[in-house]
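**Student:** Okay, sequence plus prediction incoming.
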Amino acid sequence: MRMKPRLGTVILLVSMVCGTASARTGVIDIADYKGRYDTQDMTPFVYTLLESIPADKPVKLVFPEGTYHFRPEFAAGKYHCITNHDNGYRHFAFPLTGRRNIEIDGGGSEFIFHGRIIPFLIEDSHGVTLRNFTVDWEVPFTLEAKVTTADAVTQRVEIEIPDEFGHAVENGKLIMRAEGWEERIPGENIVFDPRTMATAYRSDDYYIPKPDNFDIRVTPTAPGRYELHTRFVRALPPVGTILTFKGVFTQNRHSPAIHATASSGVLVEDVTIHHCGGMGLIAEKADNVTVRRLQVVLRKGSPRMITTTADATHFCNCRGTVLIEECVFENMLDDATNVHGSYVRVTGITAPDQVIARINHPQQAGYEFAGKGDEIDVVDAETLLAKHTLRVKKSERINAHYIRLTFTAPVEGRLTVGDGLENMSWYPELIFRNNVVRNNRARSILVSTPRKVVVEGNTFSSMMSAILFEGDMDHWYESGAVRDVTIRNNRFLDGTYGGADFPTIFINPHQKKEVPGHPYERNITIEGNLFRTFNEQLLRAKSVGGLIFRDNTIELSEKYKPYNDLPTIDIRSSQQVVIENNRYKKPGKISIVRK
């Protein structure tokens, strides 16, 4: 479906565009159009400019350094599905659809967005480069409140909300509202500590659980100040901490900064993202994606504690190589990156060579699981182990949740209703190197791909595990048992401080039933790393074949008080495990449990 802008008429002389481009060998300098655009809303100008350029024409758009605002009112739009986000009618500032070899160079500019709008859509395109600009929102999609009173005896809690965070009180109910949107349910919440600029130590204690977080009640006590009437799961948040909300799950991931889908040769370089209402970069069915010097960071001097409201980057069923290097990822409300495939579940056999399968997670609805020629593994839903391999002859979408798959061979004896299907043709190699991940909720990185993975030269410090390996058919339906992973020369600093018992590296496939001698994950080497942490457990693993933990240095940190007594290494249901030559620079010895 072709997108249309919501502006009645926007006129730009095509001849002037083409003339400028040809004069500079495919370079269009936005400075040449000064006076023809409004920096307070660049959206209609950018759309019309892009429409005037042939889709197959190599071109570079260069912005003179400055501040440019983008608004949804006159933006191109359509009903849009984004994996791991919430589907709906979406608007786009830079709709790059069907493009070949286009570059957007911001020239060091700031792109400021207003309301619910997706800055960049890369769709059915090849050779797209985004570089040299900053993405931010005038008003964030979060609510952040400083705790000014927390009386454990009276249970009285008072908060102060800066004007920057759009909110209102209606009939005593706190709601989030700004620039054409509102969230009547504050919903998901977490506490940050401004002293560390990270999620608070034992932040799990201060969570407002369901159903309480669906109805946050307040009483105004002064302008911007409120007495808070709610329930915290274990304790009141300390005075001075920042209580944050981002809305309700299945409704709060609507405005990622960059969505790349069905595209190849994507480069994101020297880009800064201060905020967005979703993931910084979400790529699905993309081939060869490079992310270099992406800074997902807080703006200096800003009172905000949150950058992206979900992952900094995320890759679902991509292929080729995903390269992420020299980046900084901080203060996200989810992971720095997650690379995975997707399981779908067989719900019916409709012909000798045909099945109906369901896309199960609500935030994967509308996702394109497979195409002609793709190799599909049939997976036992209990063990998550592959049973057979089939090849797709035809794939048809029935609706957002169901697909019809026809194979080149009969399915009898190869699958049954309830089995999982996994697309083996769409997994990438992953190189994650020389990056910094810090101060965020959740993990640093999630790795689920059978292709080669190298994680090296990084610094990790997240609220939960630094590295998580996980496959499941019970919640996210994320697939991708690993086969060749090297984790070397990284620094694992104080992490897992949120209050739960997560290890630094967690290998945790969600198998309902394990098969002796048939592990889910294989060939993981962890070597030459520095672990400097307050919590004891560095590695917990199950269902691994070929696990090496060697030549690592382990040091004691006193930044936080330990709150669990777990073995340093806990290995279960695994084989061919080597643990050797590790240096333990603190009292005691490495404690190892094997079962």
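**Tutor:** Right, received. Where do you want to start?
**Student:** which SS state does Pro44 fall under?
**Tutor:** Secondary structure of Pro44, reduced to three states by DSSP: H, G, I helix; E, B strand; the rest coil: helix.
**Student:** Isn't it up against Glu73?
**Tutor:** No - distance between Pro44 and Glu73: 9.1 Å, which falls outside the contact criterion (CB atoms under 8 Å). To be clear about C-beta, it is placed using only N, CA and C from the backbone, and glycine gets the same treatment.
**Student:** okay, these two: which has more neighbours?
**Tutor:** Comparing Pro44 with Glu73 by neighbour count (other CB atoms under 10 Å), the higher total belongs to Pro44, at 22 against 15.
**Student:** residues contacting Val447?
**Tutor:** Val447 sits next to 339, 430, 453, 455, 467-469, 480, 482, 485 when contact means CB atoms under 8 Å, 6 or more residues apart in numbering.
**Student:** Show me which of the residues you listed is closest to Glu412.
**Tutor:** Within those, proximity to Glu412 (CB to CB) peaks at Gly480, which comes in at 27.6 Å.
**Student:** so what's the residue nearest to the closest one when sequence neighbours are not counted scoring on pLDDT?
**Tutor:** Counting by CB to CB, 6 or more residues apart in numbering, Gly480 lies nearest to Ser448, which is 3.1 Å off, once chain neighbours are set aside. Turning to Ser448, the model gives it a pLDDT of 99.
**Student:** Test my guess that Ser448 contacts Trp476.
**Tutor:** No - between Ser448 and Trp476 there is no contact, the gap being 10.0 Å when judged by CB under 8 Å.
**Student:** more crowded one of these two?
**Tutor:** Ranked by neighbour count (other CB under 10 Å), Ser448 and Trp476 place Ser448 first, with 26 against 21.
**Student:** Okay, domains of this structure per the record?
**Tutor:** With automatic domain parsing as the criterion, the domains of the chain are listed as 4-139+252-330, 143-245, 341-423.
**Student:** Tell me which of those domains sits nearest to Ile526.
**Tutor:** Ile526 sits nearest to domain 4-139+252-330 of all those, at 19.1 Å, using CB to CB.
**Student:** Now do that closest one: distance to the chain's middle.
**Tutor:** 17 Å (CA atoms, centre = their mean, to the nearest Å).
**Student:** Averaged pLDDT, that domain. What do you get?
**Tutor:** For domain 4-139+252-330, the mean per-residue pLDDT is 93.
**Student:** From Ser255, how far off is the nearest residue to Gln251 once chain neighbours are set aside?
**Tutor:** Computed as CB to CB, 6+ apart, the closest residue to Gln251 that is not its neighbour in sequence is Asp86, at 5.9 Å. From Asp86 across to Ser255, the span is 10 Å (CB to CB, to the nearest Å).
**Student:** Pick out whichever of the two has more residues nearby.
**Tutor:** A direct count of neighbours by other CB under 10 Å for Asp86 and Ser255 places Ser255 higher, at 27 against 19.
**Student:** beta partners for that one?
**Tutor:** Note on Ser255: beta-bridge partners by DSSP bridges are Gly277.
**Student:** Next, find the distance separating Val378 from Ile356.
**Tutor:** As it turns out, when the distance is counted by CB to CB, Val378 lies 14 Å from Ile356.
**Student:** Over to Gly106?
**Tutor:** Noted for Gly106: a distance of 46 Å to Ile356, by CB to CB.
**Student:** Which parts of this protein are helices?
**Tutor:** Taking DSSP state H as the criterion, the chain carries its helices at 14-23, 43-52.
**Student:** tell me what the last one is packed against?
**Tutor:** Using 3 or more CB pairs under 8 Å, 6 or more residues apart in numbering; DSSP states H and E as the contact criterion, the elements in contact with helix 43-52 are strand 4-5, helix 14-23, strand 88-97.
**Student:** again, only using 10 Å
**Tutor:** Here helix 43-52 is seen to pack against strand 4-5, helix 14-23, strand 59-62, strand 67-70, strand 76-80, strand 88-97, strand 100-113 when contacts are counted using 3 or more CB pairs under 10 Å, 6 or more residues apart in numbering; DSSP states H and E.
**Student:** where along the stretch 301-450 of the chain do the strands fall?
**Tutor:** With DSSP state E, counting those that start in this stretch applied, the stretch 301-450 of the chain shows strands at 313-316, 319-325, 328-330, 337-351, 354-358, 375-379, 386-397, 402-407, 420-423, 428-433, 436-438, 445-447, listed in chain order.
**Student:** would TSV of the ones you listed with distance to Val266 be doable?
**Tutor:** TSV is the format used below for the strands of the stretch 301-450 of the chain (distance: least, CB to CB, whole Å):
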stretch	distance to Val266
strand 313-316	11
strand 319-325	10
strand 328-330	18
strand 337-351	15
strand 354-358	28
strand 375-379	24
strand 386-397	23
strand 402-407	25
strand 420-423	20
strand 428-433	12
strand 436-438	21
strand 445-447	19
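**Student:** Which member of the contacts of Val447 is positioned nearest Asp38?
**Tutor:** Top of the list for closeness to Asp38, among these and by CB to CB, is Val339 at 39.9 Å.
**Student:** Among the strands of the stretch 301-450 of the chain, single out whichever gets nearest to Val289.
**Tutor:** strand 319-325 (5.2 Å).
**Student:** Tell me the buried residues in the closest one?
**Tutor:** When neighbours are counted by 16 or more other CB atoms under 10 Å, the buried residues of strand 319-325 are found to be 319-320, 322-325.
**Student:** Arrange the residues you listed in a markdown table, one row each, with distance to Tyr201 as further columns.
**Tutor:** Output for the buried residues of strand 319-325, formatted as a markdown table (distance: CB to CB, whole Å):
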| residue | distance to Tyr201 |
| --- | --- |
| Arg319 | 40 |
| Gly320 | 40 |
| Val322 | 33 |
| Leu323 | 34 |
| Ile324 | 28 |
| Glu325 | 31 |
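**Student:** If you drop the residues flanking it in sequence, what lies closest to Leu50?
**Tutor:** Pro95 (6.9 Å).
**Student:** Measure how buried the one you found is and give me the count.
**Tutor:** Residues lying near Pro95 (other CB under 10 Å) number 23.
**Student:** hey, what's the closest residue in space to Thr97 that isn't next to it in sequence bridged with?
**Tutor:** Spatial nearest neighbour of Thr97, chain neighbours left out: Glu123 (4.5 Å); criterion: CB to CB, 6+ apart. Beta bridges link Glu123 to Thr97, Thr261 when assigned by DSSP bridges.
**Student:** Would you mind measuring from Glu123 to Arg438?
**Tutor:** For Glu123, the distance to Arg438 equals 32 Å [CB to CB].
**Student:** Give me the more crowded residue out of the two.
**Tutor:** Residue environment comparison for Glu123 versus Arg438 gives the larger neighbour count to Arg438, 21 against 18, counting by other CB under 10 Å.
**Student:** contacting residues around the residue nearest to Gly480?
**Tutor:** The contact partners of Ser448, by CB atoms under 10 Å, 6 or more residues apart in numbering, come to 315, 338-342, 427, 430, 468-472, 476, 478-482, 509, 521.
**Student:** cool, Tyr79 as well?
**Tutor:** For Tyr79, the residues meeting the contact criterion (CB under 10 Å, 6+ apart) are 1, 87-90, 366.
**Student:** out of those, which is most surrounded?
**Tutor:** The member of the contacts of Tyr79 surrounded by the most neighbours (other CB under 10 Å) is Arg90, with 25 neighbours in all.
**Student:** Count the neighbours of the closest residue to that residue other than its chain neighbours for me.
**Tutor:** Residue nearest to Arg90 in three dimensions, not counting chain neighbours: His80, with 4.2 Å by CB to CB, 6+ apart. The local packing of His80 (other CB under 10 Å) involves 21 other residues.
**Student:** Pairing partners for His80 in the sheet, please.
**Tutor:** Gly88.
**Student:** if I look at it, how far off is Phe92?
**Tutor:** 8 Å.
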